[in-house]
Structure formats: C-alpha cells, structure tokens
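**Student:** Can you look at this prediction? I've put the sequence above it.
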Amino acid sequence: SLSVEAYCRQHEITVTGGEVPAPFTSFEATGLPREILREVQNAGFSAPTPIQAQSWPIALQSRDIVAIAKTGSGKTLGYLIPGFLQVKRCSNNPQLGPTVLILSPTRELATQIQEEAVKFGKSSKISCTCLYGGAPKGPQLRDLDRGIDIVVATPGRLNDILEMKRISLRQVSYLVLDEADRMLDMGFEPQIRKIVKEVPARRQTLMYTATWPMEVRKIAADLLVNPVQVNIGNVDE
Ligand code: ADP
Ligand code: MG
C-alpha cells in the first residue's frame, strides 16, 4: 500500500491546518457502518475519491473544512456520509427540525444532492428533503412537518420558509455550503448570512467550492472556525 505522502502526491491532495489525519485510501479503512459500506459497494465504487479520502477523517473529527476541488470529484458523498453519522450520533427528534443543513445554489443541484442522500442514506433510515423556489411550498412544508433529518435547500426558499416560521434550525449541528463560489456569484451572500444566524454557533461547518476567490475566503473566515483546508489539484482563484 502507498504511504500517505505518496497517496497525496499521486492524487494532488494538499492540506493546511494542524494535525490533519491521514486520508482513508480504501473503503475498508474508513470504519464506516456496514450499511453505508454496502451502499457504496452496490453503487460499484471501488475506492473513495481523493476529496472523500481526505475529507472523511477530518469531518469525523468534527472539524470545520474548506474543500476546494473541481466538479465531478465526488464532493457530495464527501460531506453526506459524515452527515449521516452526525444524524445517528445526535438522534434528534426530526420533527423539531433537521440535524444536517446543506445549502446549494440551484434547484437542479439541490435535487441531485437529495437523490444521492436518499440513495446512500436509505439503509441507515435517514430522511432527506429538498426546499427550492419555483415550486409550490405546500408539499415542501408537509415533508418538514413529517420530520426530516437532512434538509437540502436553496437560500431563497429556505429564507421564505424561515420567515413563515415553518422550520427551526435550532437542532442543526452540521452545516454544509456546497458550491459556495456559485452561491456568492448568484448574489446569495445576504441570504446565507441570514440563515446562518438561525443555526447554533456550536456546529460543524463544511464549505465546498470549485474556486477560491477573495469573496469565498472572506465568508469562510466569517462562518468557519479554524478550518482544515483541503485542495485537490490546482486551485483557481
Ligand atoms: P462534485 O460534487 O464534486 O461535482 P459529485 O459528488 O456530483 O461531484 O460526484 C460525481 C459523480 O461521481 C457522481 O455520479 C457520483 O455518484 C460519483 N462518485 C462519487 N463517489 C464516487 C466514488 N468513490 N467512486 C466512483 N464514483 C463516485
Ligand atoms: Mg457537487
């Protein structure tokens, strides 16, 4: 088996932060629950992608992460699988609100994340729903009332539902900003900041982005605490 250094070099993984744990170079090395391992096997995956290999052990230490990796690198499961474990660990009453909140820039992307969460979380009995604009609120509100562990939302619709007081984020302890650069490009920064005010300060925050420009650095500095930064490949500014 490869040394950690050789694995990181081969996959162009660079990390910044104190005492960063070694990447999980195989699924067996993750020690993940059997039902989750079965799902990744069923999907035909042979090994974690580099972003998964490096972000899982960091996320499992409950640390904040900024991950910079391009599209198609497997970021979704990079944050979803530690999110599933967080749901299990907290065992909150989902009727009082979600444990995991994922913010995503578009309806299309949010739907894809939800599909991945349903597929890989089903055998762990994790519920997930999606909140996005351009669709009636009724079915989304009914899902929330049934009780949901993981909410994937676009910032605009989530703010509308927060203003209606039909969701509480008081139980959220795992917050993901996916495609942070795109959300900022789309002008969602004020909405994101409003949402984060509703999430307890004692939380884990993970930010995934394809590029690392000044605006993204600034919001990361404001919302994350002492994050480990993980880069895969070259970083675009
Ligand atoms: P990103 O968010 O970085 O753009 P995705 O999370 O959407 O990437 O993943 C891209 C594709 O790779 C998806 O079809 C996903 O199911 C697949 N994938 C995820 N993890 C693995 C893995 N460990 N091995 C093979 N394919 C994977
Ligand atoms: Mg993605």
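**Tutor:** It's in. Residues are numbered from 1 along each chain as shown. Ligands and ions are numbered 1, 2, ... in the order given.

**Student:** So which residues on this protein come close to ligand 1?
**Tutor:** Residues of the chain lying near ligand 1 by C-beta under 6 Å from any ligand atom: 45, 48, 49, 52, 69, 71, 72, 73, 74, 75, 76, 77. C-beta coordinates here come from the backbone N, C-alpha and C atoms, glycine included.

**Student:** Who are the contact partners of residue 161?
**Tutor:** 131, 137, 140, 141, 144, 167 (C-beta atoms under 8 Å, 6 or more residues apart in numbering).

**Student:** ok, 6 Å please
**Tutor:** Neighbouring residues of residue 161 by C-beta atoms under 6 Å, 6 or more residues apart in numbering: residue 167.

**Student:** that older thread, nearest to residue 25 among the residues of the chain next to ligand 1?
**Tutor:** Among the residues of the chain next to ligand 1, residue 48 lies closest to residue 25 (C-beta to C-beta), at 7.5 Å.

**Student:** what number of residues lie near the closest one?
**Tutor:** Applying other C-beta atoms under 10 Å, we find 24 residues neighbouring residue 48.

**Student:** Look at it and report its pLDDT.
**Tutor:** pLDDT recorded at residue 48 is 96.

**Student:** Straight-line length of stretch 165-172, end to end?
**Tutor:** Start and end residues of stretch 165-172 are separated by 16 Å (C-alpha to C-alpha, to the nearest Å).

**Student:** and if you look at stretch 198-216?
**Tutor:** For stretch 198-216, the first and last residues are 21 Å from each other (C-alpha to C-alpha).

**Student:** Without its sequence neighbours, what residue ends up closest to residue 69?
**Tutor:** Of all residues not flanking residue 69 in the chain, residue 232 sits nearest, at 3.9 Å (C-beta to C-beta, 6 or more residues apart in numbering).

**Student:** Show me what the one you found is bridged to.
**Tutor:** residue 13 (DSSP bridges).

**Student:** still on that earlier bit, which one (most neighbours) among the residues of the chain next to ligand 1?
**Tutor:** Most crowded among those, counting by other C-beta under 10 Å, is residue 52 at 28 neighbours.

**Student:** Would you agree that one is in contact with residue 74?
**Tutor:** Yes. Applying C-beta atoms under 6 Å, one finds residue 52 in contact with residue 74, separated by 5.3 Å.

**Student:** now the residues of the chain next to ligand 1 in JSON lines, with secondary structure?
**Tutor:** Formatted as JSON lines, those follow (DSSP: H, G, I helix; E, B strand; the rest coil):
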{"residue": "45", "secondary structure": "coil"}
{"residue": "48", "secondary structure": "coil"}
{"residue": "49", "secondary structure": "coil"}
{"residue": "52", "secondary structure": "helix"}
{"residue": "69", "secondary structure": "coil"}
{"residue": "71", "secondary structure": "coil"}
{"residue": "72", "secondary structure": "coil"}
{"residue": "73", "secondary structure": "coil"}
{"residue": "74", "secondary structure": "coil"}
{"residue": "75", "secondary structure": "helix"}
{"residue": "76", "secondary structure": "helix"}
{"residue": "77", "secondary structure": "helix"}
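
**Student:** Dump those residues into CSV; add distance to residue 94 as well.
**Tutor:** Below are the residues of the chain next to ligand 1 laid out as CSV (distance: C-beta to C-beta, whole Å):
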residue, distance to residue 94
45, 28
48, 28
49, 29
52, 26
69, 30
71, 31
72, 31
73, 30
74, 27
75, 25
76, 21
77, 21
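
**Student:** Nearest to residue 205 among the residues you listed?
**Tutor:** Nearest to residue 205 among those: residue 75, at 15.0 Å, using C-beta to C-beta.
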